[in-house]
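**Student:** A predicted structure for the sequence below; I have some questions about it.
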Amino acid sequence: MHYREAIDWLFSTQMFGIKLGLDGPRRLLREFLAHPAHGVKVIHVAGTNGKGSTCAMIDSIARASGRRTGLFTSPHLVDFRERIRVSGVEIPEDDCAAMLTRLRALCESLDPHPTFFEIALALAMRWFRNADCEVIVLETGMGGRLDATTAVPADVCVITPIGMDHMQWLGDTLEQIAAEKAGIIVEGKPVICAPQDPAAAIVLEQEANERRAPIEFIDKPIDGYHVALAGTHQRWNAALAVAAAYRAGLPLNPDIVRHGLSHVSWPGRFERIRPGIVLDGAHNPHAATQLAETWNQEFPGVKPNLVFSAVDAKDIGGILHHLAPLAARIFLCPVDTPRAVPADQLAAFLPADAPPHSLHESFDAAFDAASACNGPILMAGSLFLVGEARARLAGGAFQSSLQ
């Protein structure tokens, strides 16, 4: 298959849905010879918010220490290949197509058929093995206990702040969600945690104790280093990343940490893509709170034109509760995914005291309307929205995905 055909096939496997469980991914990793080689360090990151940023920081620090790294994250913003990087470089189209061709043949012989996410993980892990990666950083797709990434044995487990999200899959209490995230903890392996709500912290400590895994909670943000990602919360993520890199045995010193944190890049998280235009994929209330705090730190007293969209099963009212007060005007639109919430339904979630708003049939229409008004533009509420915005403003063909 050529690249476009391979990607079309891969995305077609989303019809198999989301299947939480480890038997399928374990089988696929074994059959595809995709387990890491002996001596490769695997750092596994779960949590509700900050997973991607923390993974990017760990990867950047490891590269600064001279290690060859593999980074697996999700979802992508514009192009699928963003999910799979070796030392910062996306998997090339030709290699991606060739490996997906082999995976397609393998998957057709397996019952049940592997899911989209399981195939993406197997592709990444085999690419990392072929590339002789020395450190692999894995971001969970959802949850942890039954997430496909947990099929890869980890040397260090990292848990970012836990909040209420994906309740239809993970449970409707903080304790239940924390138990799912704690499922990545490996017997006897170190666990590094961000500060947590007391209810979540107790669950994490209990799980670590049961598995005889030493657990460490970060108690302060990093200080004395420039962090390339904006926001106080990113300094907490940086402290988490440094602790994880240390526990993985990387040879750290102040120069390595400084270089890693000052050169980290993670698009779509308070990203100033152009002067006066900021993108942020805040898609739950906790992330929206952090975005509002960061905006007020970076642009005190300035109200943006907010282009907003969201997908189903999200706490849209909770997100808008934090973002609406920031805005001078709000431009509501659907995103390019079957999970999109129509603009008129988004409007129903606006708080009573929200600023003026308008409804638009597409992102392009909403962005054009916002651009015609004075003031900066903030685009937020969904990573799908950020992907569409980056495709328009930074180039590239947007590859819409359900997962």
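**Tutor:** Alright, I've got the coordinates.
**Student:** Any regions of the chain where pLDDT drops low?
**Tutor:** With pLDDT under 70 as the threshold, the chain has low-confidence stretches at 165-169, 171, 402-403.
**Student:** Domain map for it?
**Tutor:** The chain is divided into the following domains under automatic domain parsing: 3-262, 271-394.
**Student:** Of all the ones you listed, which one is nearest Ser400?
**Tutor:** Set against Ser400 and scored by C-beta to C-beta, the domains of the chain come closest in domain 271-394, at 4.8 Å. (Glycine included, C-beta is placed from N, CA and C.)
**Student:** ok, which stretches of the stretch 201-350 of the chain are strands?
**Tutor:** Under the criterion DSSP state E, counting those that start in this stretch, the stretch 201-350 of the chain contains strands at 215-217, 271-274, 277-280, 305-308, 329-332.
**Student:** Save those strands as CSV, and put in mean neighbour count too.
**Tutor:** Listed next are these as CSV, based on neighbours: other C-beta atoms under 10 Å:
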stretch, mean neighbour count
strand 215-217, 17
strand 271-274, 16
strand 277-280, 23
strand 305-308, 27
strand 329-332, 24
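**Student:** Serialize the ones you listed to CSV and add fields for distance to His263.
**Tutor:** As requested, the strands of the stretch 201-350 of the chain are exported to CSV (distance: least, C-beta to C-beta, whole Å):
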stretch, distance to His263
strand 215-217, 26
strand 271-274, 15
strand 277-280, 20
strand 305-308, 29
strand 329-332, 34
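**Student:** Ile84 and Gly24, how far apart?
**Tutor:** According to C-beta to C-beta, to the nearest Å, Ile84 stands 19 Å off from Gly24.
**Student:** Which one of those two is surrounded by more residues?
**Tutor:** Ranked by neighbour count (other C-beta atoms under 10 Å), Ile84 and Gly24 place Ile84 first, with 26 against 20.
**Student:** Identify the residues contacting the more buried one.
**Tutor:** With contacts taken as C-beta atoms under 8 Å, 6 or more residues apart in numbering, Ile84 has the following neighbours: Gly70, Leu71, Phe72, Glu90, Ile91, Cys96, Ala120, Leu123, Ala124, Trp127.
**Student:** again, only using 6 Å
**Tutor:** Contacts were defined as C-beta atoms under 6 Å, 6 or more residues apart in numbering; by that measure Ile84 touches Ile91, Ala124, Trp127.
**Student:** ok, of the residues you listed, which one's closest to Ser53?
**Tutor:** For these, the nearest to Ser53 is Ala124 (18.9 Å; C-beta to C-beta).
**Student:** didn't Ile277 look like it was pressed against Met379?
**Tutor:** No. With contact taken as C-beta atoms under 6 Å, Ile277 and Met379 are classed as non-touching, separated by 7.5 Å.
**Student:** quick one on the thing from earlier: now distance to Ser400 too, for the domains of the chain, in TSV please.
**Tutor:** Converted to TSV, those look like this (distance: least, C-beta to C-beta, whole Å):
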stretch	distance to Ser400
domain 3-262	8
domain 271-394	5
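**Student:** these two touch, right, Ala354 and Leu323?
**Tutor:** No. Assessed by C-beta under 6 Å, Ala354 is found out of contact with Leu323, at 9.6 Å.
**Student:** can you give me phi and psi for Leu49?
**Tutor:** Careful, residue 49 is Asn; it's not Leu. Listed backbone geometry of Asn49 is phi -130, psi 150, with angles given as degrees, to the nearest 10.
**Student:** what's the spacing between it and Ser109?
**Tutor:** Separation of Asn49 from Ser109 (C-beta to C-beta): 39 Å.
**Student:** The two: which has the busier surroundings?
**Tutor:** Between Asn49 and Ser109, counted using other C-beta under 10 Å, Asn49 has the larger neighbour count: 24 against 8.
**Student:** Relative to His286, how far out is that one?
**Tutor:** For Asn49, the distance to His286 under the criterion C-beta to C-beta works out to 5 Å.
**Student:** count of residues packed around Arg67?
**Tutor:** Residues contacting Arg67 under the criterion other C-beta under 10 Å number 18.
**Student:** Equivalent analysis for Leu252, please.
**Tutor:** When neighbours are counted by other C-beta under 10 Å, Leu252 registers 17.
**Student:** If you rank the contacts of Ile84 by neighbours, which is first?
**Tutor:** Taking other C-beta under 10 Å as the neighbour criterion, Ala124 ranks highest of these with 26 neighbours.
**Student:** Is that one in a helix, a strand, or coil?
**Tutor:** Classification of Ala124 by DSSP: H, G, I helix; E, B strand; the rest coil places it in helix.
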